[in-house]
Every structure is written in structure tokens, then in C-alpha cells.
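Colleague: Provided below for reference: sequence and predicted model.
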There are 2 protein chains.
Amino acid sequence: MQDGKEMYVIMVYDVKVERVNKVLKIARKYLTWIQNSVLEGEISDAKFERLRYELKEVIDEDEDSIVFYLLRTTRYSSREIMGVQKGGEVRIL
Amino acid sequence: MQDGKEMYVIMVYDVKVERVNKVLKIARKYLTWIQNSVLEGEISDAKFERLRYELKEVIDEDEDSIVFYLLRTTRYSSREIMGVQKGGEVRIL
């Protein structure tokens, strides 16, 4: 697998409160925290594999869930946020 | 505004528990529920306006937040889910 092959990932997690910190800590090594349970960023195939591997170690697959959207061709056109701006940097790409 | 102009939307909501049902009920009129607080689907510009308008009526913008990802060009390449499969139809597009 080439480490260099980049894709754009949007990650949404829903995990029990006792595992939120662990999941967020892992995810932030690879992606940028946007809002609540949403992170995103460019990532290589190899790093995405590692991200999934690390998450698998800490989540309970019977209780938690994580959704990844993989955008291979391009970034999404825009992001819009209603309500509280909780994320760090919030910009429309 | 043309109603016919379609885009693909991923919606992630984080709202107080007392408003979850209202938000989900509105969102499901326009989009397909995927998992937890995630919905997605094709939507016209006009319907997206209406969706945001209806949501604005029920959320508390000081406490709740909703993130929309708008994909104008194409659908995302794939969706991957780890853990619990809570959504209705779960398929990789």
C-alpha cells in the first residue's frame, strides 16, 4: 500500500461517554476536530488503516459506532454549520 | 432558485435530547437516516433551504449544532462503518 495516496475523510463517531476521550485522542492524531463528534482531513491510505486499527482497539463494537465518508476525487464543496460553533477552526473550504 | 438543481448532503446533528425527535422528524422528510446523528441524500437547493428553515425553527442555536456537508459534483466514493449498524439501509454507494 502506498502511504502517499491521499483521500479526504469525514469521520463521525457515536461512542459511550467513557470512551469518548480515547476515541477523540486517537482521531485527532490523524484528523482535525470540526464540531462535536465530527472530524475531517486529508489522510493517506496507510494512515487511514492505522486510524481504524487504533480505534478498533478502544471501541466496543456492540455499543459504539463510527462512520467514515471517504472522498477520493475531491474535497466536498462546502460545509455549513447551524447553531453552536464548537470546533476549532471553522472555515468553509 | 431552481428546485431542480440537485446536490448531495451529509447532515450531522448534535442537539439536546429534548429536541432530537423534532430534528430527526424534520430531517427524515428530506434525507435518509444513516446512523446515529447522521443523515444523507440528494436534495435540491430549494428543499435544502426549506430543511434549514424548518430546523432553525426548532433548534436552540446557543445549545445545538448541525453540520451540513454539501457535495455538488458527485457523491462521496464510499462510506465505512465500524461498530454498531444502527441505520436503516446500510450500503456502500
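Modeller: Looks like it arrived, so ask away.
Colleague: when you work out contacts or count neighbours from here on, use the C-alpha atoms and nothing else.
Modeller: Noted.
Colleague: can you tell me which residue is spatially central in chain A?
Modeller: By C-alpha atoms, centre = their mean, chain A has its centre lying nearest to A:Met11, at 3.1 Å.
Colleague: with adjacent residues omitted, what lies nearest to it?
Modeller: In space, and not counting its chain neighbours, A:Met11 is closest to A:Phe68: 4.5 Å by C-alpha to C-alpha, 6 or more residues apart in numbering or on different chains.
Colleague: just give me the neighbour total for A:Arg52.
Modeller: Applying other C-alpha atoms under 10 Å in any protein chain shown, we find 15 other residues in the vicinity of A:Arg52.
Colleague: so how far is B:Lys22 from it?
Modeller: With distances taken as C-alpha to C-alpha, to the nearest Å, A:Arg52 is found 33 Å from B:Lys22.
Colleague: same check on A:Phe68?
Modeller: As for A:Phe68, its distance to B:Lys22 is 25 Å (criterion: C-alpha to C-alpha).
Colleague: next one: A:Arg28
Modeller: For A:Arg28, the distance to B:Lys22 equals 31 Å [C-alpha to C-alpha].
Colleague: got it, and A:Asp62?
Modeller: 27 Å.
Colleague: cool, and A:Asn36?
Modeller: Between A:Asn36 and B:Lys22 the computed distance is 19 Å (C-alpha to C-alpha).
Colleague: same question, A:Asp64
Modeller: According to C-alpha to C-alpha, A:Asp64 stands 24 Å off from B:Lys22.
Colleague: could you list the low-pLDDT ranges of chain A?
Modeller: Applying pLDDT under 70 to chain A flags residues A:1-4, A:72-77, A:85-93.
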